[in-house]
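[1] Okay, predicted coordinates and the sequence, questions at the end:
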Amino acid sequence: MKKHYDIIIIGGGASGMMCAVAAKRKDPSRSVAILEKNDRLGKKLLSTGNGRCNLTNEKIGAEKYAGSFVMQSKAVFDRYGADRLLKYFEDLGLLTSKDSEGRYYPICRQATAVLDVLRFTLERVGAEVICNAQIRSVKKSGDGFSVRLAEDELYADKLVIACGSKAAPKLGGTSSCADYLKNLGHRFVPFSPALCPVIVNSRVLRSLKGIRAACELTLMNGCKILKKERGEVQFTDDALSGICVFNLSLFAQKGNIISVDLLPDISNDELLNKLNNNRQLFSEKTTDNIFTGILQKRLAQAVLKESGITGFSDLCSNLTDEELKNIAYTANAMCFTVAGKAGFDRAQAALGGAHGSMINENTMQSKACDNLYICGEAVDICGECGGYNLHFAFASGLIAGESI
Ligand SMILES: Cc1cc2nc3c(=O)[nH]c(=O)nc-3n(C[C@H](O)[C@H](O)[C@H](O)COP(=O)(O)OP(=O)(O)OC[C@H]3O[C@@H](n4cnc5c(N)ncnc54)[C@H](O)[C@@H]3O)c2cc1C
């Protein structure tokens with residue numbers, strides 16, 4: 001079957017659904033179709049925010065993002081900041097509320113609420129949804145595009161690439177947009193995992209598996225500080241994980257160092273005093289008790305190992321001043337060497353996508369190919385954890401839909 005649409009949107013996730021809603025609300029007479037490869041819309045959206053969907057943040061701003069579209073993203077956020085996006089959602093029927101860290105969620109704390117208002121709006125405005133779409137090819141055809149499916153050939157005057165990134169393949173993540181965009185003459189930055197655990201080399205890591213601790217992390221390239229984060233670190237057998245680590249993963253490269261301050265609220269001098277005190281209090285106990293009352297035992301043992309104390313049979317009273325200094329220093333700056341990042345299956349998002357220099361930030365239109373629009377994670381921009389990625393997906397989808 002051959003069929004013509006005014007607008008075809010590839011990808012029925014956050015950005016694609018929002019783009020379709022905006023395009024139909026702008027001009028209901030236009031025919032709009034969403035092609036989604038999954039058997040339903042918004043599968044990834046349902047898993048966001050642990051099923052609660054952290055859809056935006058009061059601190060939205062370009063400084064929360066990385067990638068080649070970052071400079072231009074300011075125009076996107078100026079047009080659709082958190083307040084305007086939330087108002088748009090409210091008009092669609094969604095009520096939201098903010099947590100103590102400025103993250104917005106649906107008031108019922110269920111991602112299904114976000115998906116349902118989008119799905120029901122799509123039905124109401126008359127956008128066509130084609131699920132289980134198996135796209136064979138996407139080509140330029142005259143001024144428009146032809147999209148070949150397994151059985152059908154579709155044509156569109158305008159095409160929107162909203163099929164996301166390679167992150168989380170079980171929820172629909174693919175690199176399809178790379179193929180489509182490259183074929184349409186677009187510059188493309190290869191995808192790499194982001195917002196994921198960081199694989200590290202350390203001789204003490206295995207002994208820490210399963211521990212969670214509130215820390216401050218400093219990502220360094222040599223002596224240069226790239227980023228600092230605070231939060232709960234989860235130690236796994238090959239990686240550091242947790243939201244603060246995910247945020248560092250946006251910038252981490254192999255060979256960087258992550259310095260972990262296990263006691264970020266205690267200065268090095270204070271800690272040294274405390275350890276001196278413990279040396280007396282627990283003088284008859286073995287050295288691995290030196291952090292009694294301060295650190296979890298397994299973390300304490302790892303700190304001792306890292307600072308060169310190997311056997312723990314000796315007594316606290318025998319620790320020298322020099323050894324105590326080393327121990328205190330290590331607890332405030334335990335170093336892990338970055339060996340890489342966990343794969344796309346453990347990533348919440350990806351860096352890479354359509355290069356920013358080839359996208360008009362006021363319309364999300366491609367500068368490389370007429371009548372082509374790109375939004376969401378298919379664009380080379382990735383935000384920190386906290387609602388920044390969904391915000392960009394929704395805002396860029398809205399701008400694309402309103403500009404077409
Ligand atoms: C577990 C998890 C939790 C997350 N939590 C949050 C959070 O709380 N807050 C936040 O801001 N961000 C969160 N994110 C990130 C956020 O989900 C994404 O940034 C956002 O969904 C991107 O929107 P998108 O529309 O660009 O892509 P997607 O939502 O991934 O949508 C793309 C759609 O395109 C479809 N598709 C792909 N290829 C094709 C093809 N060839 N043909 C047809 N369809 C195709 C996919 O199946 C998918 O439905 C989370 C991600 C994960 C994995």
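    Received the coordinates, thanks.

[2] What are the neighbouring residues in contact with the residue of the chain found nearest the ligand?
    Nearest residue of the chain to the ligand, counting by CB to the nearest ligand atom: Gly13, 1.7 Å away. Any C-beta I mention is one placed from the backbone N, CA and C, and that applies to glycine too. With contacts taken as CB atoms under 8 Å, 6 or more residues apart in numbering, Gly13 has the following neighbours: 36, 41-45, 162-164, 172, 376, 393.

[3] which ones among those residues come in contact with the ligand?
    36, 43-45, 162-164, 172, 376, 393 (CB under 6 Å from any ligand atom).

[4] now the strands for the stretch 1-150 of the chain?
    With DSSP state E, counting those that start in this stretch as the criterion, the stretch 1-150 of the chain has strands at 2-10, 32-35, 56-57, 65-66, 96-98, 103-106, 128-130, 135-141, 144-149.

[5] Show me which residues of the protein sit near the ligand.
    So the chain meets the ligand at 10-16, 35-38, 43-45, 47-49, 53-54, 133, 135, 162-164, 167-168, 171-172, 174, 176, 348-349, 376-378, 387-390, 393 (CB under 6 Å from any ligand atom).

[6] Quick one: buried ones out of those?
    10-16, 35-38, 43-45, 48-49, 53-54, 133, 135, 162-164, 167-168, 171-172, 174, 176, 348-349, 376-378, 387-390, 393 (16 or more other CB atoms under 10 Å).

[7] Dump stretch 225-243 to PDB, restricted to CA.
    This file holds the C-alpha atoms of stretch 225-243, laid out as PDB (Å, rounded to 0.1, in the frame of the first residue of the first chain):
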ATOM      1  CA  ILE A 225      39.300  19.000  37.800                       C
ATOM      2  CA  LEU A 226      36.600  18.100  35.300                       C
ATOM      3  CA  LYS A 227      33.600  17.800  37.600                       C
ATOM      4  CA  LYS A 228      32.600  17.400  41.200                       C
ATOM      5  CA  GLU A 229      29.400  15.600  42.400                       C
ATOM      6  CA  ARG A 230      28.000  14.600  45.800                       C
ATOM      7  CA  GLY A 231      25.700  11.800  46.500                       C
ATOM      8  CA  GLU A 232      25.300   8.100  47.300                       C
ATOM      9  CA  VAL A 233      28.000   5.900  45.600                       C
ATOM     10  CA  GLN A 234      27.200   2.300  45.000                       C
ATOM     11  CA  PHE A 235      30.300   0.100  44.700                       C
ATOM     12  CA  THR A 236      29.800  -2.900  42.300                       C
ATOM     13  CA  ASP A 237      32.400  -5.600  41.400                       C
ATOM     14  CA  ASP A 238      33.600  -3.700  38.300                       C
ATOM     15  CA  ALA A 239      32.300  -0.100  38.600                       C
ATOM     16  CA  LEU A 240      31.200   2.800  40.700                       C
ATOM     17  CA  SER A 241      27.500   3.500  40.300                       C
ATOM     18  CA  GLY A 242      24.700   5.800  41.600                       C
ATOM     19  CA  ILE A 243      23.300   9.100  40.400                       C
END
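
[8] tell me which residues of it are tucked away?
    Applying 16+ other CB under 10 Å to stretch 225-243 flags 226-229, 233-236, 238-243 as buried.

[9] mind giving me the domain split of this protein?
    With domains defined by automatic domain parsing, the chain comprises 2-193+349-403, 197-342.

[10] Just say which of those domains is most tucked in.
    For those, the largest average neighbour count (mean count of other CB atoms under 10 Å) is found in domain 2-193+349-403, namely a mean of 20.

[11] Could you pull out the helices in this structure for me?
    For the chain, the helices defined by DSSP state H occupy 14-26, 43-47, 70-79, 82-92, 111-125, 176-183, 243-249, 268-281, 297-306, 321-332, 388-403.

[12] among those, which is nearest Tyr155?
    helix 176-183 (15.4 Å; CB to CB).

[13] same for the closest one, what does it pack against?
    strand 2-10, strand 135-141, strand 153-161, strand 188-194, strand 349-354 (3 or more CB pairs under 8 Å, 6 or more residues apart in numbering; DSSP states H and E).

[14] Just send these back as CSV, with mean pLDDT too.
    Output for the helices and strands packed on helix 176-183, formatted as CSV (pLDDT from 0 to 100):
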stretch, mean pLDDT
strand 2-10, 96
strand 135-141, 95
strand 153-161, 97
strand 188-194, 96
strand 349-354, 97
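
[15] out of those, nearest to Ala252?
    Across the helices and strands packed on helix 176-183, Ala252 has its closest neighbour in strand 188-194 (9.4 Å, CB to CB).
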